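Visitor: Give me coordinates for this.
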Amino acid sequence: MNELSIFVDESGDFGSYEAHAPFYLFTLVFHEQNNSIQDQIAHLEQGLTDIGFDTKHCFHAGPIIRREQDYQYLSVTERRKCLNRIVSFAKSCTISYITFAVEKKHMHDSLELTVALSKQLSAFVREEYAFFMNFDRIVVYYDNGQIELSKLLASVFAILLPQAEFRKVIPTDYRLFQVADLFCTLELICLKDEHHILSKSEQSFFGSMRDMRKNYMKPIHKLRYYNQ
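Guide: Residues are numbered from 1 along each chain as shown. Down below sits the predicted model:
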């Protein structure tokens, strides 16, 4: 059976516009199950002890950058090593991704935001319909973090892709869900940089956005769906 896994993560929420958080975006990471990533996962987990974590540690890109949760006592150098590990893992996998984004100040309410995102996703699926039809089975993994996104995904995929199934994911169980979180976080940071609203913690972590784009976004953008 030819199977496609789609891992979904988001940044932002469907609430009203706020100047410090003006965007909502979600990322889809595509993995064709015929391309095994077990060796890459083993390599990632073997190296986790080098940076002081258990082999099953779950990466969270935002907290790494903001020095929160498991990373609150780590130096910026140690946190950069953490982020570099998950970035290197992503680069080593045969995957692709796409991110959909909306600037919320142009939306009057959550319904308008949902419609805008649904149109983006529907247009993409229709445009790439031949790609999706290559698969006997498509499994969409999401943690159901926001009910609005869950409904959006279900409505678009269920209507356009009859072979689609949905699974609630536990982030610690799937490395590619953590990669979706990584990609979504970094795409958001690029948007914030373009609008000159980076936080102090983001500026401190990356130092120079020129270096950030060179060291992180340039290699990651090679994995964008339309670059494949």
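
Visitor: which residues of the protein fall in strands?
Guide: 3-11, 23-32, 96-103, 137-142, 164-168 (DSSP state E).

Visitor: Now tabulate the ones you listed in a markdown table and tack on mean neighbour count, distance to Arg175 and mean pLDDT.
Guide: Yep, even glycine has a C-beta here, placed from its N, CA and C like the rest. Formatted as a markdown table, the strands of the chain follow (neighbours: other Cβ atoms under 10 Å; distance: least, Cβ to Cβ, whole Å; pLDDT from 0 to 100):
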| stretch | mean neighbour count | distance to Arg175 | mean pLDDT |
| --- | --- | --- | --- |
| strand 3-11 | 22 | 9 | 97 |
| strand 23-32 | 22 | 10 | 96 |
| strand 96-103 | 20 | 14 | 96 |
| strand 137-142 | 20 | 11 | 96 |
| strand 164-168 | 15 | 15 | 94 |
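
Visitor: of all those, which lies closest to Phe177?
Guide: strand 3-11 (4.7 Å; Cβ to Cβ).

Visitor: Surely Cys190 is in contact with Met217?
Guide: Yes - contact criterion Cβ atoms under 8 Å: Cys190 and Met217 qualify, at 6.2 Å.

Visitor: Any idea which residue is closest to the centre of this protein?
Guide: Centroid-nearest residue in the chain: Ala180, 2.5 Å away (criterion: Cα atoms, centre = their mean).

Visitor: How about that residue, nearest residue that isn't a chain neighbour?
Guide: Excluding the flanking residues, the one nearest Ala180 by Cβ to Cβ, 6 or more residues apart in numbering is Asp9, at 3.9 Å.

Visitor: Val8 too?
Guide: Nearest to Val8 is Tyr142, by Cβ to Cβ, 6+ apart, at 4.2 Å.

Visitor: on that earlier part again, figure out which of the strands of the chain is closest to Ser122.
Guide: Using Cβ to Cβ, the strands of the chain put strand 96-103 closest to Ser122, at 10.6 Å.

Visitor: can you tell me how far the residue nearest to Asp143 when sequence neighbours are not counted sits from Ser204?
Guide: If you skip the residues right next to it in sequence, Asp143 has Val169 as its closest partner in space, 5.2 Å away by Cβ to Cβ, 6+ apart. Val169 is 31 Å from Ser204, where distance means Cβ to Cβ, to the nearest Å.

Visitor: His57 now?
Guide: Taking Cβ to Cβ, one finds His57 at 23 Å from Ser204.

Visitor: Need the per-residue pLDDT for the residue nearest to the centre of the chain.
Guide: On the pLDDT scale, Ala180 is placed at 97.

Visitor: got a list of what it touches?
Guide: 7-9, 27-29, 97 (Cβ atoms under 8 Å, 6 or more residues apart in numbering).
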